[in-house]
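> sequence first, predicted coordinates after that:
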Amino acid sequence: MNFDLVLEFWRLLMSGVLNTIKLSIIVILTSTLLGFIVGVLFTSKNKILKAILLFYVELLRGAPLLMLLYMGYFGLSYLGYDIGIWTAVIIVYTLYGGAYIAEIIRSGIESIPKGQWEASRCIGLKNIDIFRYVIIPQTLKISLPPLVGFYLGLIKDTSIAAIIGFSELVREGKTIMNITAKPFETYIIVAIMYFIICFPLSKYVSYMEKRGALQ
Amino acid sequence: MFFDWWTPIDNLPILLKGALLSISLTILVFLISIIFGTLLGLLRFNRDNKITYGLATIYIEFIRNTPLLVQIFFIYFGLPQFNIYLPAMLSGIIGLSINNSAYIAEIIRSGIQSISKGQWEASKCLGLTKTQIFINVIYPQALRNIFPSLINQFVMILFGTSLLSVLDIRDLTQVSSILNSQTFRTFEIFSVAIIIYYCMTFVILRILRTINKKYFPSISSTEVNR
């Protein structure tokens, strides 16, 4: 056991942590935005639009993230789009997260009783206003626990980007392992870093779920 | 730029062989995780024994808050430092099982908790032992309640097996990435692989949902049938 040797490379670890957090925050924001738009559009009555959205959601939920990353990074450059790894990773994670979040939002919207729609229409609100003042606030309340739970999964899933060469925590861990030849200590430290990032969020989810169950 | 779709089609047998490995790994890991998950879930349910409850909680929290990839690396690269050398396949299976049994334990615990206390008390009055109550009364009902979550977890395991490609286990992901480096038909091969994955999840979900409807109908639907 020699944790000091690994901790000598704390700069590398910190840059990994920073990249993980940066990627997580960017992706959480973009995928939430995309997921919200797709989830709300699911309520439209246009069948073609619905079919396209369903295709998108089902396809991205039906393949593992690693495969999508391969496709987004290597596949796109094969097609001649020379995008950097940051762009590729952000695009893939956004599309991936957007599909899952769209499902969460859609089921949230569907769980709101129809009477709410009818009542809002009766008092003369337009569709946009119904969403803005009636549906979205209630949906947010219902969908928050699964949403935060998904963010938690997304943060952990950013580790997969290491496989295609994105230099985040796991990748830097591998570099440190190769320098120090101390894989055990390195991965313990990497795991603890992830734990520190994820544990508060997971506690928050279980707290929200408990509170929801009591109501 | 033109596409050559014959490359993935010619190599379809190889890809399908990889898919077969993916799905068999998934089933194996699912069965192992159900067994360990049930045990862990019981330890989490039984709050009287503080030590086992605490240990199970620490295990579950730690596994659930660290990425699968780190756990796999830890087992495959970390353990040899203590002269524990596991082959890639075995460490992959162990890593996936360790990861998923923690998730399944939480699902099963919530299932057990959803069964009302009256069931325990009524069975006790009939003179059943605790083990008998759990196996014959509580567990079947809990399974019915949590089966949809278990279906989701099954798909998550299938996606998890794609990470085992970092240990050079020739599942669908690794096979397609090898084919890619042999033929340089990146787009075509990865598209076909994604389609195969999509078909697998589609079929799995169909089968499991049919089983769910047939053997674990929800309480409300049985009441309607009566």
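Done, it's in. Residues are numbered from 1 along each chain as shown, chains lettered A, B, ... in the order given.

> flag the shaky bits of the chain, pLDDT-wise.
With no chain named, the answer covers chain A. The model of chain A has pLDDT under 70 over residues A:213-215.

> wait, chain B was what I had in mind.
B:1, B:218-226.

> can you name the next helix or strand after the lengthiest helix in chain B?
When chain B is parsed with DSSP state H, its longest helix is helix B:12-45. The helix or strand immediately downstream of helix B:12-45 is helix B:50-64, counting by DSSP states H and E.

> quickly check: that following helix near chain A or not.
Yes: using Cβ under 8 Å from any Cβ of the partner chain, helix B:50-64 reaches chain A at B:Glu61, B:Phe62, B:Arg64. Every C-beta, even on glycine, is put in place using the N, C-alpha and C of the backbone.

> what's the nearest residue to the second one if we skip its chain neighbours?
If I follow you right, that is B:Phe62. In space, and not counting its chain neighbours, B:Phe62 is closest to A:Phe195: 6.5 Å by Cβ to Cβ, 6 or more residues apart in numbering or on different chains.

> A:Phe36: which element?
Using DSSP H and E, A:Phe36 falls within helix A:10-41.

> hang on, I meant A:Leu5
Going by DSSP H and E, A:Leu5 is part of helix A:3-7.

> just A:Tyr81 next, same as before
Short version: A:Tyr81 belongs to no helix or strand, going by DSSP H and E.

> what's the separation between A:Ser143 and B:Ser114?
The gap separating A:Ser143 from B:Ser114 is 22 Å, by Cβ to Cβ, to the nearest Å.

> comparing the two, which residue is more hemmed in?
Neighbours were counted for A:Ser143 and for B:Ser114 using other Cβ atoms under 10 Å in any protein chain shown; A:Ser143 has more, 23 against 12.

> residues in contact with that one?
A:Ser143 is in contact with A:Ile104, A:Ile105, A:Ser107, A:Gly108, counting by Cβ atoms under 8 Å, 6 or more residues apart in numbering or on different chains.

> show me which of these are buried.
A:Ile104, A:Ile105, A:Gly108 (16 or more other Cβ atoms under 10 Å in any protein chain shown).

> so which of those residues is the closest to chain B?
In terms of Cβ to the nearest Cβ, no member of those lies closer to chain B than A:Ile104, at 12.8 Å.

> the closest one against A:Pro146, yeah?
Yes: at 5.0 Å, A:Ile104 and A:Pro146 qualify as touching, with contact defined as Cβ atoms under 8 Å.

> anything in contact with each of these two?
Going by Cβ under 8 Å, 6+ apart, no residue sits against A:Ile104 while also sitting against A:Pro146.

> the chain: helices as residue ranges?
Because you didn't say which chain, this covers chain A. Counting by DSSP H, the helices of chain A are A:3-7, A:10-41, A:47-61, A:65-70, A:76-78, A:85-110, A:114-122, A:127-129, A:136-157, A:169-180, A:183-214.

> actually it's chain B I care about, not the one you picked
Using DSSP H, the helices found in chain B span residues B:6-10, B:12-45, B:50-64, B:68-73, B:88-113, B:117-125, B:130-132, B:139-161, B:172-183, B:186-215, B:219-225.

> make CSV out of the ones you listed and add distance to A:Leu66.
Putting these into CSV (distance: least, Cβ to Cβ, whole Å) gives the following:
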stretch, distance to A:Leu66
helix B:6-10, 18
helix B:12-45, 12
helix B:50-64, 20
helix B:68-73, 9
helix B:88-113, 14
helix B:117-125, 43
helix B:130-132, 42
helix B:139-161, 8
helix B:172-183, 6
helix B:186-215, 10
helix B:219-225, 38
